[in-house]
Every structure is written in structure tokens, then in C-alpha cells.
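> build me a model:
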Amino acid sequence: MFDSRVRQSFALRLEAATRDALIPVPPHTTNGDEARYPDKSGTYSKGVLQDGIGLVNPLAFQTLRNAIDTGTFAAFESVILGGTRTLNGPLAGNAFSLEGCDDVQFGNARSPANQISQVVVPPAPALASAAYGTELVELYWASLLRDVAFTDYASNPTAAQAAAELDTMPTYAGPRNGSGHVTPDLLFRGPYPGETVGPYMSQLHLIPTYLGTQPISQQLVTYLANVDYMNDATTYQQVQNGINTGLQNQVDPQLRYLHNGRDLGAYTHLDVLFQAYFTAFLVLNTIGAPRNPGNPYVGSTKQNGFGTFGGPDVAASLTAVARLALNSVWYQKWAIHLRHRPESGGAIVRQILTGHGGTLQGHVNNNVLNSRAVQSSFNRYGDYFLSQAFPEGSPTHPAYPTGHGAVAGACITVLKFFFDGNFVIPNPVAPSSDGLSLQPYTGGDAGQITVNGELNKIASNISFGHGIHSGIHWRSDTFSSIQLGEAVAISMLQDRARCYAERFTVSLTKIDGTTATISNQ
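Purely as a prediction, here's the structure:
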């Protein structure tokens, strides 16, 4: 005979599992490039044996496709690789979770059961589309601006050229000003509420804080300027085959605050995926950000939250949701989309512009072939490849969506659940143009910098730092992944709500500016 508490626990788990199981499975729609190009020149194949620039060995690709379709450890052990670099966690998306919806329940549809009114994971832009070309143009500009301080964009001629070209592209998905134009200060920012307010870098990535009594200055190890990689055919092909080139990132001996694209890339190159949001949690405590008004302990004079609604609950929830989001996005990457990396798109551009486009079945839009960004990159590096911040280029897993973005969307949603998103952050700061110090931010919008806005901003900072600034992810990778992460987090929080002993109703502002409500009442 079960103890009464055990019976109650079983009933809660059964109810949650039953409720989640009744959520319909949406369609999973790819961009069609794998079927469209038999040579797979528009499909992810990095690390798998390559026959030439942009061309995977057909038999080797078939072993990858067989492994994905079979979904077993043994099948992936049979993939024909081109070197010693291994595929990054292809089975993670096949793992099951005991909280929230299953990975297959997020796809090319809204998720009303998880309060998401946007399509969670739409198909990525196709290789030949104008949207794909525009994203690649943005990546070339980001590579050229990698060492320019964000605070210097307004006066930098390359930033002005980037903004001017992107402004002419109807499919550019970044923010525009009130007159509908792209300006230098809006480059590489996200579209969500609060992201264009204040400095480029989120306050949550700048303000010093503490881990217990251990001070955290937020100064970080970064990489030396003007050292980029994969700008020649030999190195590019070695990297695509998974062969170690022997090159390594050159560490800047001077600690700096994050102040440019290379710094953000260096951070994301080695970070623990929930790290920025755990640090954000510490910063929110340091600046005295109040708890979400729906927290049941707000106003209590007799008790406080701890293992529930207190610091331990926040910290543990961040790590838990990061794992759920990561495995969910890995399902999308490997089982569904197989989107190739920007370095592969740059290689197609290179082949076409050097007269070798006939070797590939895939083709990109003329908007990137005729781009000023691509020509400027050639003038700097002597070839048309998209320069990379890391010697190994991207990780050996598909691009779409991005792990950093999915973890970002999930973790900021958890922080919004616990903290008051409308709280205005006092005494905002900005890094100096050399990253050596913090200075007061005195812009006219200094009084509009809120917790919600800075959480949205740090999500894009991190995902774009790993992606756009480093050259290894597309802008649309970040959009879809943050949306997916938010959906995963809400799904988890809805299940968890029924397990709290406290009665509560918590509202939080989603990335689209609308409200989600988590309640057990």
C-alpha cells in the first residue's frame, strides 16, 4: 500500500504526463535544401568526408543520413568522417525528459498549450532565397566589424557602410529606427522589447557582482584582435573534413569587459551554456531587483522562500531548464533541419565568384554575390570565404536552431518568472572603447533600462556573440532558438507549478511583449 504522500506524488506526475501527452505534434518543416540539391551542397555535412570545397562525399553523407534515421549509437559509430573531429552529441535530441513537452511537440506551428502564439520553429531560409543572402551579408559585415567597439559604431565608417547596405535589403530581419532605417547603433541587435534601449551590451553582462563572498568583476579573457581564420582553400577544406589545422586562438593577456564582437565570441567559445544567466541571477540580487509580484512570499512578514521561490530554486531551475532546452534544440538540429553553417555558405559564394560555381548544384542569391560586404572581405583577406573567429570554425553539429539561443530563451524566461521584469536598473554602465573600464551610461534612455529588456538583450548578446560575431550561426538561428527555449521553459514551469505547496499566480512578459501566466490556483 502506497503512503498517502507517495500516492499524491504519483497522481501529480501522472496528471502532468497525461496533460502533456495530449498536446498535438506539429508539422516539422525543413527548407527543402537537402532534397533540392542531390550533391548536398546546401546541407550540413561538416566533419563528414568531403570531396571538394562545398562537396561532401556521397557515400559518407549517406552514412550520416542513415545514422540520423536509425537513431542509434552504433549507427553514428559507422559514419565516415574526414578527420579526427567527432560529431557533437547527435543523440542528445533523442533523450526523453520527465518535465514538460517532448521535443517532437515543438515545430512549425504555434504552441497554444504553452502560451506561444508565434510559430515555434519555422523552416530556415532556403539557400537560394533573398533572406538567406541577406543573412550572409550581415555575417560578412560582422566579420569586418569584429574588433570595433560597440560604442564606436556610430562613428565607424565600416559600420556606416554595413547599415547602409542592410538598409536596402527588404529581407533584413534586424531592428530599424522609427523612420524604417537601419542605423549603425542598431547593427547586430535583436528585435525583442528593450533590445534597442541603452548600450549594446546588457547590464547583466557588465555590472560587477558576487558568488557568495567571491567577487565577480565581469572582466573576461578574450582573444587578440585581427586574428581570423579559414580564409584560404587549404585551411577551409581541412576544417570541413575535421582535420586539426594546428592553429589556436591567441589569448589577449589583458582582461576586458565585453565591448566588441570578438570578445563576445571568446566568451561563448568556452562558456557553460547557462553561465551568463546564472551570473545575471547574481547581478539581479546585487542590484536589489525585486521578486516577481506574483511570488507568494512578497509581502510576507512571517516566512520567506528558499527551496521554493528562493535563491536555491532560481539557481536549480536555470540549470534544469538549460538541459531541457539544449536537448530540444538538438532534436531540431539533427533530426529535422540539418542546416549548414555560414562558413559553408561563404564557401559557395567563394566558388561562384572565383569561377568554380559549376562544381556545385547549390546557388545563393545575387544580393550576396553583389554585396559590398563580400567585396570588402575579399579586399581584407584576399579570398571570398567568410572569415571565422575560431580556427576550427563552427562546432560539428548543424546550425539551426542554435543551442546558445535555445538555452538563452529558456533561462531568461525562468528569470522573468522569479524577478520583477519592470524594475528599472539603477546606475547603468557601458564599457569604454578599449574594454578596460566601465563608465556611467548617460544616454537619454538611461531611465528606461528594465530587467525584462536586459534579459531579452543578454539572450541576443550571447546568441549573436556565438553566431553572428563569430561567423558560425545565422540570425534566424537565434530568432527560432530563443522562441523554442521560451516554449520549453513555459512548458516546464507549467508542470512544476502543480508541485509547489504555495498557491500562486505569476505573470511574465514573453519575448513578443505579450503575457504568459503560470498558476496552480
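> and stretch 268-275, average pLDDT?
The pLDDT scores in stretch 268-275 average 97.
> scratch that, stretch 492-503 is what I was asking about
Regarding stretch 492-503, the rounded mean pLDDT is 97.
> swap in stretch 161-168?
On average, stretch 161-168 scores 98.
> need the residues that contact it.
Stretch 161-168 is touched from outside by 134, 137-138, 141, 144-145, 172, 174, 176, 181-184, 186-187, 371-373, 376, with contacts defined as Cβ atoms under 8 Å, 6 or more residues apart in numbering. Using the backbone N, CA and C atoms, a C-beta is placed for each residue, glycine as well.
> which residues of the stretch 201-350 of the chain fall in helices?
Using DSSP state H, counting those that start in this stretch, the helices of the stretch 201-350 of the chain run over 233-240, 261-270, 275-286, 311-331, 342-353.
> what's the helix or strand residue 453 falls within packed up against?
In the assignment (DSSP states H and E), residue 453 maps to helix 451-466. With contacts taken as 3 or more Cβ pairs under 8 Å, 6 or more residues apart in numbering; DSSP states H and E, helix 451-466 sits against helix 261-270, helix 275-286, helix 403-418, helix 475-497.
> okay, the angle between it and helix 275-286?
150 degrees (axes from the mean of the first three to the mean of the last three Cα atoms, to 10 degrees).
> hmm, back to that, out of the helices of the stretch 201-350 of the chain, which is closest to residue 435?
helix 261-270 (6.5 Å; Cβ to Cβ).
> select, out of the helices of the stretch 201-350 of the chain, the one closest to residue 420.
Taking these one by one with Cβ to Cβ, helix 275-286 is closest: 9.5 Å.
> from the contact counts, what lies against that closest one?
strand 209-211, helix 311-331, helix 403-418, helix 451-466.
> tell me which of the ones you listed is the most buried.
helix 403-418 (a mean of 30; mean count of other Cβ atoms under 10 Å).
> quick one: residues in contact with the next helix or strand along the chain from that helix.
Scanning forward in sequence from helix 403-418, with DSSP H and E defining helices and strands, the next element found is strand 429-431. If you take Cβ under 8 Å, 6+ apart as the criterion, strand 429-431 is touched by 149-151, 199, 201, 203, 206-207, 256-259, 437-441.
> contacts only, for the residue nearest to residue 149 when sequence neighbours are not counted.
Nearest residue to residue 149, sequence neighbours excluded (Cβ to Cβ, 6 or more residues apart in numbering): residue 433, at 4.2 Å. Counting by Cβ under 8 Å, 6+ apart, residue 433 touches 149, 151, 152, 259.
> before we move on, which element is residue 433 in?
Under the criterion DSSP H and E, no helix or strand holds residue 433.
> so how far is residue 298 from it?
According to Cβ to Cβ, to the nearest Å, residue 433 stands 41 Å off from residue 298.
> on that earlier part again, nearest to residue 400, of the helices of the stretch 201-350 of the chain?
Of all those, helix 311-331 comes closest under Cβ to Cβ, at 9.1 Å.
> mind saving the C-alpha coords of the closest one as PDB?
C-alpha atoms of helix 311-331 as PDB (Å, rounded to 0.1, in the frame of the first residue of the first chain):
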ATOM      1  CA  GLY A 311      17.600  31.600  -4.400                       C
ATOM      2  CA  PRO A 312      18.200  27.800  -4.500                       C
ATOM      3  CA  ASP A 313      15.000  27.400  -6.600                       C
ATOM      4  CA  VAL A 314      16.200  30.000  -9.100                       C
ATOM      5  CA  ALA A 315      19.600  28.600  -9.400                       C
ATOM      6  CA  ALA A 316      18.500  25.000  -9.800                       C
ATOM      7  CA  SER A 317      15.700  25.900 -12.200                       C
ATOM      8  CA  LEU A 318      18.200  27.700 -14.500                       C
ATOM      9  CA  THR A 319      20.400  24.600 -14.800                       C
ATOM     10  CA  ALA A 320      17.400  22.300 -15.200                       C
ATOM     11  CA  VAL A 321      15.800  24.300 -18.000                       C
ATOM     12  CA  ALA A 322      19.100  24.700 -19.800                       C
ATOM     13  CA  ARG A 323      19.400  20.900 -20.200                       C
ATOM     14  CA  LEU A 324      15.800  20.600 -21.400                       C
ATOM     15  CA  ALA A 325      16.200  23.400 -23.900                       C
ATOM     16  CA  LEU A 326      19.600  22.100 -25.200                       C
ATOM     17  CA  ASN A 327      18.200  18.600 -25.900                       C
ATOM     18  CA  SER A 328      15.100  20.100 -27.500                       C
ATOM     19  CA  VAL A 329      17.100  22.200 -29.900                       C
ATOM     20  CA  TRP A 330      19.400  19.200 -30.600                       C
ATOM     21  CA  TYR A 331      16.400  17.300 -31.800                       C
END
